[in-house]
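In: below is the sequence, then the predicted model.
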Amino acid sequence: MNFKMPANFKKAYFAELDKYKTALNENRKEDAWLYLERAHIIGQYHPVPHTGIHFRMLVYALKNWETKEIVGQVLRLLVGWFGSLMNRVPIGNTGSANMPILARKAIPEDLLGLLANADTSRTGLAGLK
């Protein structure tokens with residue numbers, strides 16, 4: 001179980017959130033959403049950051065009245081934390097309602113070093129080794 005987020009994960013996670021806030025302040029909505037997705041890829045291994053990112057995604061969707069995203073984020077808020085708690089997540093998943101909830105995706109190149117312990121050898125749900 002991954003209760004405590006390591007310092008290097010925290011640093012990367014909060015860097016993405018800082019970029020998200022900057023993009024929002026500059027009205028670059030597409031970039032802002034991308035930074036939330038990247039924060040999700042990093043934070044999904046730990047229940048509190050994982051839940052926090054889905055909450056931020058929900059707030060974003062509500063502000064922009066994106067119905068599909070609102071419904072998707074409510075669902076993810078209800079169940080996502082449990083996968084993190086059990087160290088079983090869809091590696092590389094962006095957390096967006098446009099991506100199936102259990103679908104895996106390749107980890108972005110610049111995050112590979114950080115997520116080197118992600119168990120990419122498994123099919124289906126996996127976690128940190």
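Out: Cool, the structure landed. Numbering: from 1, shown residues only.
In: let me see the mean pLDDT of the host helix or strand of residue 80.
Out: Residue 80 belongs to helix 67-85 when assigned by DSSP states H and E. Mean per-residue pLDDT for helix 67-85: 96.
In: give me the contacts around it.
Out: With CB atoms under 8 Å, 6 or more residues apart in numbering as the contact definition, helix 67-85 has outside contacts at 1-2, 44-48, 50-51, 54-55, 57-58, 60-62, 89, 95-98, 101, 125. In short, each C-beta sits where N, CA and C put it, glycine included.
In: for this structure, which spans come out with low pLDDT?
Out: 1 (pLDDT under 70).
In: which parts of the helix holding residue 80 are buried?
Out: Buried residues in helix 67-85, counted by 16 or more other CB atoms under 10 Å: 69, 70, 72, 73, 76, 77, 80, 81, 83, 84.
In: just the CA atoms of that helix, as PDB, please.
Out: Taking C-alpha atoms only, helix 67-85 is exported to PDB below (Å, rounded to 0.1, in the frame of the first residue of the first chain):
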ATOM      1  CA  THR A  67     -20.800  17.100 -18.800                       C
ATOM      2  CA  LYS A  68     -19.000  14.000 -19.900                       C
ATOM      3  CA  GLU A  69     -16.000  15.000 -17.800                       C
ATOM      4  CA  ILE A  70     -18.100  15.800 -14.800                       C
ATOM      5  CA  VAL A  71     -19.700  12.400 -14.800                       C
ATOM      6  CA  GLY A  72     -16.400  10.700 -15.500                       C
ATOM      7  CA  GLN A  73     -14.600  12.500 -12.600                       C
ATOM      8  CA  VAL A  74     -17.400  11.700 -10.100                       C
ATOM      9  CA  LEU A  75     -17.000   8.000 -11.000                       C
ATOM     10  CA  ARG A  76     -13.200   8.200 -10.700                       C
ATOM     11  CA  LEU A  77     -13.500  10.000  -7.300                       C
ATOM     12  CA  LEU A  78     -15.600   7.200  -6.000                       C
ATOM     13  CA  VAL A  79     -13.300   4.300  -7.000                       C
ATOM     14  CA  GLY A  80      -9.800   5.600  -8.000                       C
ATOM     15  CA  TRP A  81      -8.400   5.900  -4.500                       C
ATOM     16  CA  PHE A  82      -9.100   2.200  -3.900                       C
ATOM     17  CA  GLY A  83      -6.900   1.200  -6.800                       C
ATOM     18  CA  SER A  84      -4.100   3.400  -5.500                       C
ATOM     19  CA  LEU A  85      -4.500   1.900  -2.000                       C
END
